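In: just need the structure, nothing else, for what follows:
(chains A and B)
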Amino acid sequence: MTTPTAPDAMYRNDEGLGIWEHRGKVAAVGVGHAPTSRRWDGRPETCVGAITIDALRKAIDDAGVPPDQIDGLVVVPVTTTGAFWEAGKPLPMDVIQSFQQTDDPLDGIAKLSAEWLLANMPELTNVKFTMYGPGCMSNALNVTAQAVGDGLTHTCLVVKSWHNFEGRYYQGGANAGDALPGTPAITQLWGGPASYSTALQFAEYCRKYGKTHDMMAPFMENSRRNGLRFPEGYWAQHRPEELGPEDYLASRWIAKPANLFDNDIPIMMSGAYLFSTAERAQDMKQPPVYILNHASSNTRPRSLVPTLDEVEADTARTGRKIYEGAGITADDLSFENMYDGFSLFHQFHLEGLGYRGIGFGDALDFYQTDISIEGPNPVSPSGGNVGSGRSRVWMHTDCIQQLQGRAGARQVTGVKPEVGVSGGPMPLGGNYTVWSASPD
Amino acid sequence: MTVLISFDIDGTLEVGDPPGPLTMDMVRLVRDKDFLIGSCSDRTLSAQRAIWADHDIEVDFVVGKHMLPDVKAQFEADVYLHIGDREDLDRQYALKAGFDFLWPDEAVAHPHFQADS
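Out: Numbering: from 1, shown residues only, chains lettered A, B, ... in the order given. A predicted model of the protein is given here:
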């Protein structure tokens, strides 16, 4: 079985598509997370393949589904945080030989294939549908929801994992070569930090609306506070450190006005979910969380860096697609978990959604109000990447757990959790999911 | 002679992530020699303070990586020394701020960290 990458037809990129045809008929049930770590320590049991198996098995157990009833697997094949296995570095044969192998010796160490996972999870005896959702969990969730809705699979696992090796990230791979092919020859040649384009957009945002970087501090403090209540996350597990205004504002610039904490910390992690049809989900161990819609943005900027005007136009367009397909309005959102890694674009997503009625240029003022999980306007109750490390997964896990009423110390209390939205990554180019405690 | 030592944390001190070769007892040793000491790290200021408090070590400063010039402006010393494990974030910052620099392994063997010198 060769696993294909999801075709374009599986995504809802356009406005005017109407209500999603599978609205309320697909559900997320099980959640599984492996322990996090800052970097791989070289042991077989902590390689990215091993932690992925751990997360998948936890999701299966969490849903209470016998493994032989699972017939689908959606995987994000890329696992790098920006760290690559150096060319010429000896392969870790002891690790490789600890697992069933594919043709690629770095499968399970620096990447993941569905074939590797199935070879190393013998309990998955009936998987007949596999597909890749490229990039991040947000993408793979769209693929999974559509696949279940379309009947390609009825009980489907979806997983995203990240590996992080020693050394500096984004210093290896193509960046370490003598030549860069294609678009990266222009976008990466000059060595700008990954956050530089977001920093440029944020700088223009501050100029246009008369705001300052200091106004981000309440959002950062709130996000880390929520993250420290996320037991699956890196900061909660390893470094339970608050991120108060003094801490945040004293940090050095990475790409001014993006400072160190506006950039998320790369980690090893794996997160998995079990999706099913709404009908089958009724008999599972956890309450179903229904998918009301998925929507995507595949907008291409006119030049190397999207301008603020392009960002605002596209986040507004994304907001309209999200609401249209779900058959809801901004007023129906109990909370939002839009992406934050880089923190400086979270407000673009918020304003595009019109969350709590805010418009363009309003979000930083909104951050000065009560955005806590105890208040009426919870912002990023997951804490996102700021709160738990680079994964692009926490936001989705939080939506599921909030709506199942098992977010623990992170549970929103200022509003009744009924409908949430999550997704990203970038303001231009992302995938989004609308989650609901009820199918209608 | 007044000596000021700035310690990086991760990869330098034993409590860092990853742990470094300098033990907290070594830090106490230079503290007892009346050196001015503190930390200069990408960890938050509050996290740096918490580390020192957890080990009952009183420090003179905690700063971010980019704040060594502020330390030099604040304290008068005959020797300004930064110890860290990164070329870009420790050595280059230190030299630019007018500090001497030692890698952690060099520091362990340096007379500053010997009890009888």
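
In: find the centremost residue of the chain, please.
Out: In the absence of a named chain, this looks at chain A. residue A:392 (2.4 Å; C-alpha atoms, centre = their mean).

In: what's the local residue count around residue A:256?
Out: Counted with other C-beta atoms under 10 Å in any protein chain shown, the neighbours of residue A:256 add up to 12. Backbone N, C-alpha and C define where each C-beta goes, glycine included.

In: any regions of chain B where pLDDT drops low?
Out: Scanning chain B for pLDDT under 70 picks out B:117.

In: quickly find the element holding the residue nearest to the centre of chain A.
Out: For residue A:392, there is no helix or strand it lies in under DSSP states H and E.

In: that one and chain B: what is the separation?
Out: Note on residue A:392: its distance to chain B, by C-beta to the nearest C-beta, to the nearest Å, is 22 Å.

In: doesn't residue B:67 make contact with residue B:74?
Out: No. Counting by C-beta atoms under 8 Å, residue B:74 does not reach residue B:67; the two are 9.7 Å apart.

In: how close does residue A:147 get to residue A:70?
Out: According to C-beta to C-beta, to the nearest Å, residue A:147 and residue A:70 sit 13 Å apart.

In: equivalent analysis for residue B:61, please.
Out: In terms of C-beta to C-beta, residue B:61 sits 56 Å off from residue A:70.

In: the more surrounded of these two?
Out: Higher neighbour count among residue B:61 and residue A:70: residue A:70, with 26 against 19, using other C-beta under 10 Å.

In: picking that back up, shared neighbours of residue A:147 and residue A:70, which are they?
Out: Residues touching both residue A:147 and residue A:70 by C-beta atoms under 8 Å, 6 or more residues apart in numbering or on different chains: residue A:156.

In: report the buried residues of stretch A:241-259.
Out: A:241, A:243, A:244, A:247, A:248, A:250, A:251, A:254, A:255, A:257, A:258, A:259 (16 or more other C-beta atoms under 10 Å in any protein chain shown).

In: chain B against chain A: which residues are in contact?
Out: Contacts of chain B with chain A, taken as C-beta under 8 Å from any C-beta of the partner chain, map to B:17, B:42-47, B:50, B:63-67.

In: tell me where chain B has strands.
Out: For chain B, applying DSSP state E gives strands covering B:3-7, B:36-40, B:61-63, B:79-83, B:100-102.

In: redo the ones you listed as JSON lines? Include distance to residue A:338.
Out: Converted to JSON lines, the strands of chain B look like this (distance: least, C-beta to C-beta, whole Å):
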{"stretch": "strand B:3-7", "distance to residue A:338": "39"}
{"stretch": "strand B:36-40", "distance to residue A:338": "35"}
{"stretch": "strand B:61-63", "distance to residue A:338": "34"}
{"stretch": "strand B:79-83", "distance to residue A:338": "40"}
{"stretch": "strand B:100-102", "distance to residue A:338": "43"}
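
In: could you point out which of the ones you listed sits nearest residue A:2?
Out: Within the strands of chain B, the stretch nearest residue A:2 is strand B:36-40; the backing value is 52.2 Å (C-beta to C-beta).

In: chain center to that closest one: distance?
Out: A distance of 5 Å separates the C-alpha centroid of strand B:36-40 from that of its chain, computed with C-alpha atoms, centre = their mean, to the nearest Å.

In: quick check: angle from that strand to strand B:79-83?
Out: Angle, strand B:36-40 to strand B:79-83, by axes from the mean of the first three to the mean of the last three C-alpha atoms, to 10 degrees: 40 degrees.

In: mind listing the strands strand B:36-40 pairs with, and their directions?
Out: strand B:3-7 (parallel), strand B:61-63 (parallel) (DSSP bridges).

In: what sits up against it?
Out: Counting by C-beta under 8 Å, 6+ apart, B:2-9, B:27, B:30-31, B:48, B:51-52, B:57, B:59-65, B:67-68, B:71, B:75, B:77, B:82, B:84 sit against strand B:36-40.

In: please pick the buried ones from these.
Out: Buried, going by 16+ other C-beta under 10 Å: B:3-9, B:27, B:30-31, B:48, B:51-52, B:59, B:61-65, B:67-68, B:71, B:82, B:84, out of the contacts of strand B:36-40.

In: which residues in the stretch 151-300 of chain A form strands?
Out: A:155-162, A:253-255, A:258-259, A:269-277, A:289-297 (DSSP state E, counting those that start in this stretch).

In: looking at these, which is closest to chain B?
Out: For those, the distance to chain B is smallest for strand A:253-255, at 7.8 Å, taking C-beta to the nearest C-beta.

In: same for the closest one, what does it pack against?
Out: helix A:196-209 (3 or more C-beta pairs under 8 Å, 6 or more residues apart in numbering or on different chains; DSSP states H and E).

In: buried set for the helix it packs on?
Out: A:196, A:197, A:198, A:199, A:200, A:201, A:202, A:203, A:205, A:206.

In: what is it packed up against?
Out: For helix A:196-209, the packing partners by 3+ C-beta pairs under 8 Å, 6+ apart are strand A:253-255, strand A:258-259, helix A:308-326, helix A:346-353.

In: in TSV: these, plus mean pLDDT.
Out: Shown next, in TSV, are these (pLDDT from 0 to 100):
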stretch	mean pLDDT
strand A:253-255	95
strand A:258-259	98
helix A:308-326	98
helix A:346-353	98
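
In: nearest to residue A:387, out of the ones you listed?
Out: With C-beta to C-beta, the closest approach to residue A:387 among the helices and strands packed on helix A:196-209 belongs to helix A:346-353: 11.7 Å.

In: remind me what whatever helix or strand comes next after that closest one packs against, helices and strands.
Out: Next helix or strand after helix A:346-353 toward the C-terminus (DSSP H and E): helix A:363-366. Helix A:363-366 is packed against helix A:346-353, with contacts defined by 3+ C-beta pairs under 8 Å, 6+ apart.

In: what angle do strand A:289-297 and the helix it packs on make with each other?
Out: Using the same axes, to 10 degrees: helix A:346-353 against strand A:289-297 is 100 degrees.

In: which residues touch helix A:346-353?
Out: Helix A:346-353 is contacted from outside by A:201, A:205, A:219, A:311-312, A:314-319, A:322, A:330, A:333, A:336, A:338-340, A:358-364, A:366-367, A:379-380, A:384, A:421, A:424, A:427, using C-beta under 8 Å, 6+ apart.

In: what about 7 Å?
Out: Applying C-beta atoms under 7 Å, 6 or more residues apart in numbering or on different chains, the contact partners of helix A:346-353 are A:219, A:311, A:315-316, A:318-319, A:330, A:336, A:338-340, A:358-360, A:362-364, A:380, A:421, A:424, A:427.

In: which among those residues end up buried?
Out: Among the contacts of helix A:346-353, those buried by neighbour count (16+ other C-beta under 10 Å) are A:219, A:311, A:315-316, A:318-319, A:330, A:336, A:338-340, A:358, A:360, A:362-364, A:380, A:421, A:424, A:427.
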